[in-house]
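K.L.:
Fold the following, please.
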Amino acid sequence: MYFLGVIEESRFHLAMATPNSMILSFSFIASAALVLGGRTCSCLQFNYPSFDTTSKDDFSFSPHSAIANGSLQIVQNTGDLSHKSGRVVYAKETLKLWNRKQTVPTSFRTQFTLNILPQNGTGEGMAFILTNNPSLPRNSSGQWLGICNNQTDGAPMNRIVAVEFDTSKSVEDDQDGNHVGLDLNSIKSVNQYPLSNLSIILSGGTDVLVSITYNSTTHVFILSIVQYNTTGPGGHNLRESWPVDLSQHLLDGIYLGFAGSTGDYTQLNQIKSWNFTTVDEVIVETRHESRVFLCLVTLISFATCSSLVLFVWRRVTQQRRLAYQALEKMIDAHGPVRFKLKELKHATANFSPRRKLGRGGGGTVYHGYLKRINREVAVKRVSANDKSRRGEKEFVAEVNTISKLSHRNLVKLMGWCHDGGELLLVYDYFPLGSLDKLLFANDKETTLSTETPELTWDRRFRIICGVASALDYLHHGSSKRILHRDVKAWNVMLDAEYNARLGDFGLARSIQLEGVTHHSTQAVAGTRGYMAHESFFTGRASLDTDVYAFGVFVMEVITGKSPSRPMIYDRQEIYIVDWIWRHYSLGKVPETADAVLGGVYDEEQVDIAVRLALACCHPNPRYRPSMKKAVQVLIGGAPAPIPPPERPAFIWPLSGTQQEIELAQVGVLFMGGQPSFCSITSTSLTGR
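P.N.:
So this is what the prediction gives:
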């Protein structure tokens, strides 16, 4: 048994080592093989990526504790949660404090994901526990966290060491209501660390990844905490070291688990994943045996060769698995349907080029048919050559953002797929395609069949109203204020009745702070011709820059001209905003209407749309209307604005002060779209 133990030990070190360190590991093991000795305690190891009924028998549950919704619920979410306490303990095996010769203490490491979801407030908290007494103490609700009660607090007979995650300042010694602490037989922490200054909120309802390593040689707990938001790890990370000698407080046969409680205010204390492993060591003694040496050298040589092969495979697969797990944790579990890769490949004829609908900065879109739901769909395939975090952030943001939106003028996200290295999104399919294909049907660069329906003025005006309504919803109607940042005809889909559906949230940002109207960025992003002048100086997206892009979009729909292409006016090259403004100043607004219309349009509606577009494209963002006001103008609920006859000059900086917001304060939804970096001339925006 000892021989097998040493060999297993060698495989552990080799699997965790780098190629350069394998030679050193081999030398170390070969030297250890010259002698006989004992190992530390029997290895205790388990891993639960999630929890279900099949793992129920592995745990011991106190009353009010259970497995539900893929998590260990320390106090189950049934009935009245107030003034309850609970414990969930791993019951298959206990942790041995010492090796079998009682000479070497045990080291271990554990990692778990906790999620504390407030119900009617926050209180009280939960804890990771090591104890010789697995039963839940009586009257341990409220401030006692299921660890002890008012009669046993501080008693050595408790035999419990706990790392508490406190969400309420319930005792005098607590520093605040959001901290971690080390408890020894008592609810009064011997060490505490407040988390609010690190932007880590335990009761924020988001996943918190906790890692704990115990070094039995130095008698130190090393605690690491990372909190996740919708886009991944957020805020700062905590790494704290606390001295503690487990042998001074615990006996052999240690139960591992979690405890928690509620008080007047309740919360759902959950553990969503948990893994644990002991860290074994080889004890070198002074007895030599040549037979043991020859046997071990042979076996270790074989283990070294096989481990070298396994190392590369494990390293690649582990990195890929961790990346996928991190990505899936960032996706809202209550979002759209998750499809299988095989199903989407079949629906798109394995992403056949003949099924290709178009390509944007975030990926390629294919036409597909899903037999399971008897429906045509559009499948967006995030760029295959972009497997970096940028592509993953785009994917997560589009899933989390669009899945929470519900408006008749927004493209509906049906589902997603993350499998086999693919990142895929499934949308409703629109046979008419994007607006630009109809709007520029006469361009030489666009090819349409002779059956393409005519884009009449009534349809164009309805499309303008629809996009305005969608932006008003994003800015003022959704649960979070969304900045689209890429409003243009290419991103507007048309259904069979020519109703507009705004889509491709490739550059969307979600502003989470109340009252904030903009988002700071580190690079100018968007599409040339649609971007407001101030964005190049502030480096930020805002409600105002979305309004500016909408104004350019209205001009595009009215004129049938591309904002990114210059036009000749009085022998000068100018762009669409200056072109419209010059016609307006000369009283020639009707002449801006697309010649394809043949003069068949409502002059009053054209005049309203042009004046609104010019107001939206005012060089000074303070004079632009909100999207709510724009909708009122279009439906006749407010008079059309009266822009100045001549286009005002762009002046920067604006007078007065403007509030700025840093990246750390904003929930970022990095999503597709290929940013265009532009420079400003006196009359136009041009690509660099």
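K.L.:
From now on I want contacts and neighbour counts done on CA atoms only, so please keep to that.
P.N.:
OK.
K.L.:
How about residue 134, nearest residue that isn't a chain neighbour?
P.N.:
Counting by C-alpha to C-alpha, 6 or more residues apart in numbering, residue 134 lies nearest to residue 255, which is 6.3 Å off, once chain neighbours are set aside.
K.L.:
name the helices or strands packed onto the helix or strand containing that neighbour?
P.N.:
Following DSSP states H and E, one finds residue 255 within strand 255-262. Here strand 255-262 touches strand 85-90, strand 124-131, going by 3 or more C-alpha pairs under 8 Å, 6 or more residues apart in numbering; DSSP states H and E.
K.L.:
so which of the ones you listed comes closest to residue 302?
P.N.:
Closest approach to residue 302 among the helices and strands packed on strand 255-262 (C-alpha to C-alpha): strand 85-90, 35.8 Å.
K.L.:
Check what contacts the next helix or strand after that closest one and list those residues.
P.N.:
Next helix or strand after strand 85-90 toward the C-terminus (DSSP H and E): strand 107-118. The contact list for strand 107-118, computed with C-alpha atoms under 8 Å, 6 or more residues apart in numbering, reads 202-217, 266-280.
K.L.:
Now with 7 Å, please.
P.N.:
202-216, 266-279 (C-alpha atoms under 7 Å, 6 or more residues apart in numbering).
K.L.:
same thing with stretch 252-265?
P.N.:
74, 81-90, 94-98, 120-132, 134, 141-142, 145-147, 269.
K.L.:
Separate out the buried members of those.
P.N.:
The neighbour-count test (16 or more other C-alpha atoms under 10 Å) marks 74, 81-90, 94-98, 122-132, 134, 141-142, 145-147, 269 as buried among the contacts of stretch 252-265.
K.L.:
So which residues of the stretch 201-350 of the chain form strands?
P.N.:
Assigned by DSSP state E, counting those that start in this stretch, the strands in the stretch 201-350 of the chain fall at 208-215, 220-229, 232-243, 255-262, 267-279, 337-338.
K.L.:
hey, least reliable of the ones you listed by pLDDT?
P.N.:
Of all the strands of the stretch 201-350 of the chain, the minimum mean pLDDT falls on strand 232-243 (a mean of 79).
K.L.:
give me the low-pLDDT residue ranges for the stretch 451-600 of the chain?
P.N.:
Flagging of the stretch 451-600 of the chain using pLDDT under 70 yields the residue ranges 451-453, 505-526.
K.L.:
could you redo the last one with a cut-off of 50?
P.N.:
Regions of the stretch 451-600 of the chain meeting the criterion pLDDT under 50 cover residues 451-452, 507, 511-516, 518-524.
K.L.:
again, but for the chain
P.N.:
By pLDDT under 50, the low-scoring segments of the chain are 1-41, 281-289, 387, 389, 444-452, 507, 511-516, 518-524, 656-688.
K.L.:
Can you give the domain ranges for it?
P.N.:
What automatic domain parsing lists as the domains of the chain is 40-281, 333-429, 432-687.
K.L.:
Any chance of CSV for those, columns distance to residue 318?
P.N.:
What follows is these, written out as CSV (distance: least, C-alpha to C-alpha, whole Å):
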stretch, distance to residue 318
domain 40-281, 14
domain 333-429, 14
domain 432-687, 25
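K.L.:
Provide a list of residues in contact with residue 86.
P.N.:
62-65, 74-75, 136, 146, 259-261.
K.L.:
ok, the residue nearest to residue 575 when sequence neighbours are not counted to residue 67 distance?
P.N.:
Nearest residue to residue 575, sequence neighbours excluded (C-alpha to C-alpha, 6+ apart): residue 566, at 4.8 Å. Counting by C-alpha to C-alpha, to the nearest Å, the separation of residue 566 from residue 67 is 64 Å.
K.L.:
Please apply the same query to residue 110.
P.N.:
Per C-alpha to C-alpha, residue 110 is found 20 Å from residue 67.
K.L.:
swap in residue 241?
P.N.:
The gap separating residue 241 from residue 67 is 32 Å, by C-alpha to C-alpha.
K.L.:
neighbour count winner among those two?
P.N.:
More crowded of residue 241 and residue 67, by other C-alpha atoms under 10 Å: residue 67, with 22 against 14.
K.L.:
And that one, its phi and psi?
P.N.:
Torsion angles at residue 67 (phi, psi; degrees, to the nearest 10) stand at phi -100, psi 130.
K.L.:
Now do the helices in this protein.
P.N.:
With DSSP state H as the criterion, the chain has helices at 2-16, 19-33, 290-330, 341-347, 389-402, 435-439, 457-472, 535-538, 543-559, 576-585, 603-616, 627-634.
K.L.:
Apart from its neighbours in sequence, what residue is nearest residue 153?
P.N.:
Counting by C-alpha to C-alpha, 6+ apart, residue 153 lies nearest to residue 186, which is 4.9 Å off, once chain neighbours are set aside.
K.L.:
From residue 157, how far out is that neighbour?
P.N.:
Distance of residue 186 to residue 157, given as C-alpha to C-alpha: 11 Å.
K.L.:
ditto for residue 370
P.N.:
On the measure of C-alpha to C-alpha, residue 370 and residue 157 end up 63 Å apart.
K.L.:
again, but for residue 559
P.N.:
Separation of residue 559 from residue 157 (C-alpha to C-alpha) stands at 83 Å.
K.L.:
Same drill for those two, tell me which one is more crowded.
P.N.:
Comparing residue 559 with residue 157 by neighbour count (other C-alpha under 10 Å), the higher total belongs to residue 559, at 21 against 13.
K.L.:
Could you find the closest non-adjacent residue to the more buried one?
P.N.:
residue 594 (4.3 Å).
K.L.:
Same question for residue 454.
P.N.:
Residue 454 sits nearest to residue 438 (C-alpha to C-alpha, 6+ apart), 7.9 Å away.
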